[in-house]
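S.K.: Below is the structure, and that's it, no one-letter string:
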């Protein structure tokens, strides 16, 4: 039995009580999800994390993998193999949000497999729900998802605003190739959609000083009609140009 304890209650508190994510469920990009279903998914992931995956933690510490340089092989402890099989099984199961892509990407990251087959699926945006599920899972790779940048930039040209928002978010998480990304993100700072405008501002902030080409556009939004956009503009300016940001107050 593992001694690992997750903090599911803290996650649920932030999601549903602080950020009220349930208010976004039931419509695109999650038309088939409600709060109860979302909590059920969290419970299932928690069960996997605290059960089959955590079961090998102690044994893995006591008996770590052994590398044989003569054969180039690694001998893994049996409990780890069971945990890994549980993760692979989770990757094969179909889920409501992305056909098990989170587990699939976790396996890719752990095993060092190429992202190419996964990225091929992101070239087709004609099935928006499937694309959003797959692209949304990329966040677990962080900056390692850099090979997905061309697909995300291409997705910014779509008329489906949910696809655009996911693509923007991913570019902010990946935070690579600013010379290529920032010029294509800047037009969204003036979007008539306040949510896209705010998200674009957040993405610019994540690029930090590398987003200096967006400085003039960010400055214009210090007087944006939406208070939250003004807050994000101030935060972005602090990251892009800290000296200028120190002299600004949100009103």
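M.R.: Received the coordinates, thanks. Bear in mind the structure is a predicted one, so any value in this text is a computation, not a measurement.
S.K.: Okay, now the unreliable bits of the stretch 51-200 of the chain?
M.R.: Applying pLDDT under 70 to the stretch 51-200 of the chain flags the ranges 90-100.
S.K.: Tell me which stretches of it form strands.
M.R.: For the stretch 51-200 of the chain, the strands defined by DSSP state E, counting those that start in this stretch occupy 66-68, 73-75.
S.K.: As TSV, those strands with mean neighbour count and distance to residue 43 would be great.
M.R.: The way it works is simple: take the backbone N, C-alpha and C, and place the C-beta from them, glycine included. Formatted as TSV, the strands of the stretch 51-200 of the chain follow (neighbours: other C-beta atoms under 10 Å; distance: least, C-beta to C-beta, whole Å):
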stretch	mean neighbour count	distance to residue 43
strand 66-68	10	36
strand 73-75	10	34
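S.K.: would you turn the ones you listed into TSV with distance to residue 118?
M.R.: Shown next, in TSV, are the strands of the stretch 51-200 of the chain (distance: least, C-beta to C-beta, whole Å):
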stretch	distance to residue 118
strand 66-68	28
strand 73-75	25
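S.K.: Any idea which of those strands gets closest to residue 163?
M.R.: Residue 163 lies closest to strand 73-75 among those, at 40.5 Å (C-beta to C-beta).
S.K.: so which of the strands of the stretch 51-200 of the chain comes closest to residue 102?
M.R.: Nearest of the strands of the stretch 51-200 of the chain (C-beta to C-beta): strand 73-75, 25.5 Å.
S.K.: and the closest one, what does it pack onto?
M.R.: Packing contacts for strand 73-75, counted by 3 or more C-beta pairs under 8 Å, 6 or more residues apart in numbering; DSSP states H and E, involve strand 66-68.
S.K.: Would you mind measuring from the nearest residue to residue 224 once chain neighbours are set aside to residue 223?
M.R.: Excluding the flanking residues, the one nearest residue 224 by C-beta to C-beta, 6 or more residues apart in numbering is residue 230, at 5.0 Å. Computed as C-beta to C-beta, to the nearest Å, the residue 230 to residue 223 distance reads 7 Å.
S.K.: who has more neighbours, these two?
M.R.: Neighbours per residue (other C-beta atoms under 10 Å) separate residue 230 from residue 223, with residue 230 holding more: 19 against 10.
S.K.: what helix or strand does that one sit in?
M.R.: Using DSSP states H and E, residue 230 falls within helix 227-240.
S.K.: which parts of that helix are buried?
M.R.: 229, 230, 232, 233, 234, 235, 236, 237, 238, 239, 240 (16 or more other C-beta atoms under 10 Å).
S.K.: cool, stretch 46-53 as well?
M.R.: In stretch 46-53, counting by 16+ other C-beta under 10 Å, buried: 48, 52, 53.
S.K.: Go ahead and confirm the second one touches residue 82.
M.R.: Put plainly, it is residue 52. Yes: in this structure residue 52 lies within contact range of residue 82 using C-beta atoms under 8 Å: 6.9 Å.
S.K.: what about the helices in the stretch 51-200 of the chain?
M.R.: With DSSP state H, counting those that start in this stretch as the criterion, the stretch 51-200 of the chain has helices at 57-62, 78-92, 101-111, 116-121, 128-137, 149-155, 161-174, 178-185, 194-206.
S.K.: Between helix 101-111 and the one helix or strand residue 48 maps to, find me the angle.
M.R.: Assigned by DSSP H and E, residue 48 falls within helix 35-48. In terms of direction (axes from the mean of the first three to the mean of the last three C-alpha atoms, to 10 degrees), helix 35-48 departs from helix 101-111 by 30 degrees.
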